[in-house]
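Student: Fold the following and give me the result.
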Amino acid sequence: MATATLPHASADTVSTPLWTTSGTPVPTGLTGQPRISQLSGEKFHRLAAQWRAERGPTSSISQMAMHPAYQQIIGMGLAVLPLLLHELATEPDHWFWALKAITGVDPVPPESRGRIRAMAEAWLRWGRQQGYLS
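Tutor: Residues are numbered from 1 along each chain as shown. Next up, the predicted model:
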């Protein structure tokens with residue numbers, strides 16, 4: 001299993017691949033954040049739409065997160081973080097499991113748990129602090 005370090009942008013991050021998936025570096029942009037290829041973006045949006053359509057009206061977070069499309073999104077790794085965060089900004093939904101699985105962090109304070117908008121705001125703040133959102 002590959003490991004990932006969440007960087008703080010610096011001149012060193014431009015030339016150093018920071019993320020690997022099965023030992024393969026993910027291309028990074030000028031800030032060291034993974035670039036999203038058009039193909040990855042299309043795949044993410046297709047899987048997100050499939051997940052929304054097929055999950056049905058369930059309140060089970062674990063059932064939502066175990067959906068095959070959701071699991072494939074998690075498998076796309078750090079490169080999809082900007083897309084997940086953008087989804088939270090435009091249409092808050094249950095992306096928190098995926099975000100925590102991909103990043104290994106959970107910026108949601110205990111008093112915000114269970115409140116989707118408050119949880120989304122915590123993740124969006126984290127995304128801005130980490131350089132995934134402007």
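
Student: OK, contacts around the spatially closest residue to Gln71 that is not a sequence neighbour?
Tutor: Leaving aside its sequence neighbours, Gln71 sits nearest to Ala65 (C-beta to C-beta, 6 or more residues apart in numbering; 7.8 Å). Every C-beta, even on glycine, is put in place using the N, C-alpha and C of the backbone. Counting by C-beta atoms under 8 Å, 6 or more residues apart in numbering, Ala65 touches Gln71, His94, Trp97, Ala98.

Student: in this protein, which ranges drop under the pLDDT threshold?
Tutor: The chain contains residues with pLDDT under 70 at 1-36.

Student: how about the helices in it?
Tutor: 11-15, 38-55, 61-65, 68-75, 81-90, 96-103, 116-130 (DSSP state H).

Student: Report the buried residues of the longest one.
Tutor: Looking back up the chat, that one is helix 38-55. Ser40, Lys43, Phe44, Leu47, Ala48, Gln50, Trp51, Arg55 (16 or more other C-beta atoms under 10 Å).

Student: now those as a markdown table including distance to Thr103?
Tutor: Listed next are these as a markdown table, based on distance: C-beta to C-beta, whole Å:
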| residue | distance to Thr103 |
| --- | --- |
| Ser40 | 17 |
| Lys43 | 20 |
| Phe44 | 16 |
| Leu47 | 18 |
| Ala48 | 18 |
| Gln50 | 23 |
| Trp51 | 19 |
| Arg55 | 22 |
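
Student: now, which of the residues you listed sits nearest Arg128?
Tutor: Of all the buried residues of helix 38-55, Arg128 sits closest to Phe44, with 20.2 Å by C-beta to C-beta.

Student: before we move on, the earlier item: mind telling me the two of the contacts of Ala65 farthest from one another?
Tutor: Gln71 and His94 (13.5 Å).
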